[in-house]
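Enquirer: my questions are about this predicted structure, shown below with the sequence.
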Amino acid sequence: MFKLLAKLKNRRAVEELPGERYRLPGRKPNEIRDFREQAKNPPAPKRAESAVASVHRDELQGRLILHPDGYGFVVPDTPMPQLDGDVYIPRNAIEDAMHGDHVLAKIQRRGGVPGAERAEGRIVRILDRAHPTIVGLFRYGTHGNVVLPYDTRIQHEVVIPPGHELTPELAKKSGMSGLDERGLRGRRIPRLPELDGAVVNVELTRYPRGSAAPSGRVIEILGRPGELGVDTEIIIRKHHLPHLFSSDVLEEAELRAKPVSETERAGREDFRQLPIVTIDGETARDFDDAVYVERRPNGWHLQVHIADVAHYVRTATALDREARLRGTSVYFPDRAVPMLPEALSNGMCSLKPREDRLVMSALMEFDAAGNLKSSRMTAGVIRSAERMTYTDVNKVLEGDGEKSQRYSKLAHHFRAMKELALLLNARRNEHGSIDFDLPEPVIEFDEKQRMINIARSERNIAHRLIEEFMLAANRAVAGYLLKRGIESLHRVHEKPDARKVLEFEELARAFGYSLGVEDLHQREIVVRHGRVPAPAKPGRPDSHEHGRERGMRVALPGGELRITPQHYQRLIRKIVGKPEERILSYLMLRSLKQARYAADSLGHFALGFDEYTHFTSPIRRY
């Protein structure tokens with residue numbers, strides 16, 4: 001028993017107290033008494049005040065986000081009214097948790113004033129591990145083999161026991177195929193050039209415990225650092241992206257991806273005689289939306305057709321489960337990890353020209369000024385007239401002779417699209433819709449897929465056409481669902497936090513600008529801001545945790561925030577073409593909340609819409 005206690009003490013798994021008593025690290029005597037009392041007399045169950053509340057009001061569940069320096073933050077699963085944001089976890093209170101783990105944390109100190117300081121706590125229990133595997137660099141060592149994680153927020157090296165560095169291929173090459181741990185014991189395993197310094201993916205067989213490091217076995221050798229494509233492989237595994245389809249999923253996709261039959265066309269509205277087109281980038285491989293515009297005596301008729309993915313991906317099938325697990329397609333500069341197998345994403349769910357395709361269609365009627373008058377939704381079948389690119393449509397609209405002649409039958413349709421899109425954009429601007437129009441970087445590759453340049457993406461009027469039509473369709477579908485009381489996920493974007501707006505306002509004033517928000521006054525408070533390290537003492541190497549607190553003054557909003565999208569819109573117009581346009585646009589964007597999905601229609605602040613959803617992009621968004 002004494003030997004066991006000594007080992008636990010050395011591993012810092014227990015702490016010794018006077019009178020030959022022991023406790024878990026970090027536990028205070030009164031906490032242990034509280035715990036014992038609660039075990040004897042459990043409180044009567046109450047109606048849940050919050051999904052994050054656990055045994056005590058001072059405990060919460062959330063995701064642990066670590067910093068490379070060792071400290072971290074727990075982001076609550078559900079916002080807690082008594083907390084302002086996340087909970088700071090000092091380096092010595094992380095325990096055995098790893099970055100990304102789902103944990104139970106105990107709050108040990110709160111801020112007295114909302115927004116004044118971050119609550120501080122410690123990890124009590126690990127509820128769920130985030131990393132079944134870790135990607136890193138394999139290193140041979142005199143005291144054993146290790147893998148150094150690529151993610152610097154993972155604090156532990158992963159120990160690879162003898163023999164566990166051998167993948168099945170390497171074991172066969174080394175003459176050790178089929179040997180278990182007992183068979184490998186005592187054998188000399190040679191150093192393999194394929195492994196030393198290679199990027200590997202490791203399956204964890206043991207997580208960190210006390211002073212014991214995690215251990216694992218190598219399951220993949222991805223290549224050498226700097227080799228073509230290895231960086232993408234690292235990112236895929238670092239974020240645990242599902243990137244391989246099972247045979248069941250592939251077989252089901254092939255079975256479903258049959259040409260449209262007469263039976264499937266029955267009961268659908270037939271749009272095959274209309275000159276409907278897809279408009280995408282030059283490198284696009286799947287085309288999941290198509291459009292058609294028609295000028296009418298009293299206004300405009302717009303059709304937006306979206307691939308009917310739900311016809312092919314039926315609920316609770318292997319395909320559906322895989323798509324739900326992935327959630328989205330993930331795009332890299334040199335490849336994509338699709339949500340659906342290619343038989344569907346690039347096949348029957350791609351609206352290829354001159355081929356019958358099943359769609360869900362949003363049909364909208366606008367008056368002459370671009371105001372939506374009515375809309376209806378229907379299942380349809382189309383036959384795209386042409387696969388257009390943004391570049392070619394723009395050239396037709398600019399009067400390019402060659403392109404105008406080549407697409408002569410469609411040119412007047414493109415001109416009608418441009419006219420309607422400009423009207424829709426004008427109506428959006430009237431309602432305060434914010435348009436930052438920030439160019440995205442485009443990575444260019446040579447024929448060997450080596451990066452040769454990073455350029456700015458160029459947006460032209462053709463991009464505007466599709467953007468306006470997709471926004472109109474998403475808005476119309478949201479209104480259609482709400483009007484009929486159909487439950488659905490909505491895309492919501494709430495009003496920004498007052499503190500974020502105030503922070504941006506202070507930065508904007510440094511450039512001579514202002515959002516012009518009325519009553520955006522502020523108050524100053526003194527808060528704690530870290531610690532000044534204390535002099536190191538024997539037996540206390542972590543002097544930072546014992547230092548005195550450092551004070552600072554911060555500004556907080558002094559009242560209720562009355563802000564509209566027009567405040568942002570007016571400032572954007574003022575900075576167009578100015579040297580500071582790019583930096584202020586990014587800072588404005590950071591002051592806004594992130595858009596999210598919600599069961600309730602809460603409106604979209606940045607777009608200026610009362611209702612909005614995502615009807616479009618079904619191939620890449622579940």
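Expert: Cool, got the structure.

Enquirer: now stretch 609-618, how far from the centre of its chain.
Expert: 18 Å (CA atoms, centre = their mean, to the nearest Å).

Enquirer: what residue ranges in this structure score low on pLDDT?
Expert: For the chain, residues meeting the criterion pLDDT under 70 lie at 1-56, 111-117, 175-188, 519-560.

Enquirer: what lies in contact with whichever helix in the chain runs longest?
Expert: The longest helix of the chain (DSSP state H) is helix 461-483. The contact list for helix 461-483 (CB atoms under 8 Å, 6 or more residues apart in numbering) reads 279, 289, 291, 302, 304, 306, 362, 364, 372, 375-377, 389-391, 393-394, 397, 414, 417-418, 420-422, 424-425, 428, 488, 490-491, 601, 607, 609, 611-616. C-beta: built from backbone N, CA, C; applies to glycine.

Enquirer: just stretch 352-362 next, same as before
Expert: Against stretch 352-362 from outside (CB under 8 Å, 6+ apart): 259-260, 264-265, 268-269, 271-272, 278, 287, 290, 303-308, 310-311, 348-351, 375, 377-387, 473, 476-477, 615.

Enquirer: just stretch 317-324 next, same as before
Expert: 242, 245-246, 248-249, 252-253, 256, 312-314, 339-341, 344, 622.

Enquirer: same check, this time on stretch 579-590
Expert: By CB under 8 Å, 6+ apart, stretch 579-590 touches 436, 438, 500, 504, 507-508, 511, 513, 568, 571-572, 575.

Enquirer: switch to 6 Å and redo it
Expert: Contacting residues not belonging to stretch 579-590 are listed as 436, 438, 504, 507, 511, 568, 575 [CB atoms under 6 Å, 6 or more residues apart in numbering].

Enquirer: wait, Ala93 sits on Glu120?
Expert: No: with contacts counted by CB atoms under 6 Å, Ala93 stays clear of Glu120, the gap being 8.4 Å.

Enquirer: surely Leu319 is in a helix?
Expert: Yes: residue state for Leu319 (DSSP: H, G, I helix; E, B strand; the rest coil) corresponds to a helix.

Enquirer: okay, now it: neighbour count?
Expert: 25 (other CB atoms under 10 Å).

Enquirer: next one: phi and psi at Ser514?
Expert: phi -150, psi 150 (degrees, to the nearest 10).

Enquirer: next one: Pro565
Expert: According to degrees, to the nearest 10, Pro565 has phi -60, psi -30.

Enquirer: picking up where we left off before, and the contacts of helix 461-483, which are buried?
Expert: 279, 289, 291, 302, 304, 306, 362, 364, 372, 375, 377, 389-390, 393-394, 397, 414, 417-418, 420-421, 424-425, 428, 490-491, 601, 607, 609, 611-616 (16 or more other CB atoms under 10 Å).

Enquirer: got a list of contacts for the one helix or strand Asn394 maps to?
Expert: Counting by DSSP states H and E, the element that carries Asn394 is helix 390-397. Contacting residues not belonging to helix 390-397 are listed as 279, 403-404, 407, 411, 414, 418, 460-463 [CB under 6 Å, 6+ apart].

Enquirer: picking up where we left off before, need the buried ones from the contacts of stretch 317-324 selected in PyMOL.
Expert: In PyMOL syntax, the buried subset of the contacts of stretch 317-324 is picked out as below (16+ other CB under 10 Å):
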select buried, resi 245+249+252+253+256+312+313+339+340+341+344
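
Enquirer: which of the contacts of stretch 317-324 fall within helices?
Expert: 248-249, 252-253, 256, 312.

Enquirer: what about the strands in the stretch 251-400 of the chain?
Expert: Here the stretch 251-400 of the chain has its strands, by DSSP state E, counting those that start in this stretch, at 269-270, 277-280, 289-296, 299-307, 330-331, 336-337, 356-367, 372-383, 386-389.

Enquirer: those strands: which one's closest to Ala171?
Expert: Between Ala171 and the strands of the stretch 251-400 of the chain, the tightest spacing by CB to CB is seen for strand 336-337, at 29.1 Å.

Enquirer: now for that closest one, which elements pack on it?
Expert: Helices and strands touching strand 336-337, by 3 or more CB pairs under 6 Å, 6 or more residues apart in numbering; DSSP states H and E: there are none.

Enquirer: direction included, what does it pair against?
Expert: When pairing is defined by DSSP bridges, strand 336-337 lines up against strand 330-331 (antiparallel).

Enquirer: who's in contact with the partner strand?
Expert: Identification of contacts with strand 330-331 by CB under 6 Å, 6+ apart yields 241, 337.

Enquirer: hang on, the earlier thing: same list (the strands of the stretch 251-400 of the chain) but as JSON lines, adding distance to Asp151.
Expert: Compiled in JSON lines, those are given as follows (distance: least, CB to CB, whole Å):
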{"stretch": "strand 269-270", "distance to Asp151": "51"}
{"stretch": "strand 277-280", "distance to Asp151": "34"}
{"stretch": "strand 289-296", "distance to Asp151": "36"}
{"stretch": "strand 299-307", "distance to Asp151": "36"}
{"stretch": "strand 330-331", "distance to Asp151": "17"}
{"stretch": "strand 336-337", "distance to Asp151": "19"}
{"stretch": "strand 356-367", "distance to Asp151": "40"}
{"stretch": "strand 372-383", "distance to Asp151": "44"}
{"stretch": "strand 386-389", "distance to Asp151": "38"}
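
Enquirer: quick one: name whatever helix or strand follows the longest helix of the chain.
Expert: strand 490-492.

Enquirer: using CSV, write down the CA coordinates of the next helix-or-strand element following that next one.
Expert: As assigned by DSSP H and E, the chain's next helix or strand after strand 490-492 is helix 498-510. This file holds the C-alpha atoms of helix 498-510, laid out as CSV (Å, rounded to 0.1, in the frame of the first residue of the first chain):
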residue,chain,number,x,y,z
ALA,A,498,-22.3,46.4,-27.4
ARG,A,499,-18.8,45.7,-26.1
LYS,A,500,-17.6,44.6,-29.6
VAL,A,501,-19.2,47.7,-31.2
LEU,A,502,-17.5,49.9,-28.6
GLU,A,503,-14.1,48.2,-29.3
PHE,A,504,-14.5,48.8,-33.0
GLU,A,505,-15.6,52.4,-32.5
GLU,A,506,-12.4,53.2,-30.6
LEU,A,507,-10.3,51.7,-33.4
ALA,A,508,-12.3,53.5,-36.1
ARG,A,509,-11.9,56.8,-34.3
ALA,A,510,-8.1,56.4,-34.6
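
Enquirer: which of the strands of the stretch 251-400 of the chain sits closest to His67?
Expert: strand 330-331 (25.4 Å).

Enquirer: buried ones among the contacts of stretch 579-590?
Expert: Looks like these have 504, 507, 568, 575 buried, using 16+ other CB under 10 Å.

Enquirer: biggest separation within the residues you listed, which pair?
Expert: With CB to CB as the measure, no two of those lie farther apart than Leu507 and Tyr568, at 14.1 Å.
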